[in-house]
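[1] Sharing a model that was predicted from the sequence below.
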Amino acid sequence: DTAVSQTPKYLVTQMGNDKSIKCEQNLGHDTMYWYKQDSKKFLKIMFSYNNKELIINETVPNRFSPKSPDKAHLNLHINSLELGDSAVYFCASSQDGQEAEAFFGQGTRLTVV
Amino acid sequence: ILNVEQSPQSLHVQEGDSTNFTCSFPSSNFYALHWYRWETAKSPEALFVMTLSGDEKKKGRISATLNTKEGYSYLYIKGSQPEDSATYLCAANDYKLSFGAGTTVTVRA
């Protein structure tokens, strides 16, 4: 079983559309994250949820809205997609605490045309 | 977000040679330093999590050291093999992981 799974793996969509990326973890972790890999290959944190509650919300356009129906799921919904949203988005999860390693999903490559 | 820097950005090493590269991070309010290995078309996987200055961690031919006072960590690869080719990410953790840009290692046979 995949520990952290994201769907879809690839997503091609037109500007202006609304799309969602789903993430599920079966590790029993309390904390989940969304990262964006930018054009320079940096991994930048977007959001972090702990036990379904938002704890980190970095400077991200409010077109991006995370939803955590339960602590095993953290979905990313994006409204009014723009060309600049094209990137690879990674979901991750970890136990609580700074020493806890993060487990990453395989990434979702979003292409906005 | 913490400013985490890695150098060099990329390096090539001959099979069998050893190599090392650096991660620097803000030394104040330090909590933990993570190293991840990221192979092409895969997702990052944790190598080490380090918290104590002077600590050294080892996994096979890969090891890492940490200096929290001066804010740096080294990752060493001894006797590089082609399967060591990957991007190595470090991340400082102060409630969230702030990643460096990575060092891409290419091992030539």
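    Perfect, I can see it now. Numbers count the residues shown, from 1 in each chain, chains lettered A, B, ... in the order given.

[2] Grab the nearest non-local neighbour of A:Gln6.
    A:Gly105 (3.8 Å; C-beta to C-beta, 6 or more residues apart in numbering or on different chains). Using the backbone N, CA and C atoms, a C-beta is placed for each residue, glycine as well.

[3] can you check A:Lys40 too?
    Per C-beta to C-beta, 6+ apart, closest to A:Lys40 is B:Ala101, 6.6 Å.

[4] Quick one, grab the pLDDT at the one you found.
    With respect to pLDDT, B:Ala101 scores 91.

[5] Can you give me the neighbour number for it?
    18 (other C-beta atoms under 10 Å in any protein chain shown).

[6] residue contacts, it?
    Contacts for B:Ala101 (C-beta atoms under 8 Å, 6 or more residues apart in numbering or on different chains) come out as A:Lys40, A:Lys41, A:Phe42, B:Glu5, B:Gln6, B:Gln9.

[7] again, only this time at 7 Å
    Neighbouring residues of B:Ala101 by C-beta atoms under 7 Å, 6 or more residues apart in numbering or on different chains: A:Lys40, A:Lys41, A:Phe42, B:Gln6, B:Gln9.

[8] picking that back up, quick check: the residue nearest to A:Gln6 touching A:Thr7?
    No: contact criterion C-beta atoms under 7 Å: A:Gly105 and A:Thr7 do not qualify, at 9.1 Å.

[9] So for these two, which residue has more residues nearby?
    A count of neighbours by other C-beta under 10 Å puts A:Gly105 above the other of A:Gly105 and A:Thr7, at 26 against 14.

[10] Look at A:Lys67 and say how many residues are nearby.
    Neighbour count for A:Lys67, taken as other C-beta under 10 Å: 13.

[11] now B:Glu83
    Number of residues near B:Glu83 (other C-beta under 10 Å) recorded here: 8.

[12] Can you tell me the element the closest residue to it other than its chain neighbours falls in?
    Once flanking residues are discounted, B:Glu83 sits nearest to B:Val107: 7.8 Å by C-beta to C-beta, 6+ apart. Assigned by DSSP states H and E, B:Val107 belongs to strand B:103-108.

[13] Can you list the neighbours in contact with the strand or helix carrying B:Ala64?
    Per DSSP H and E, B:Ala64 falls inside strand B:62-67. The contact list for strand B:62-67 (C-beta under 7 Å, 6+ apart) reads B:33, B:35, B:47-48, B:50, B:53, B:55-57, B:73-77.
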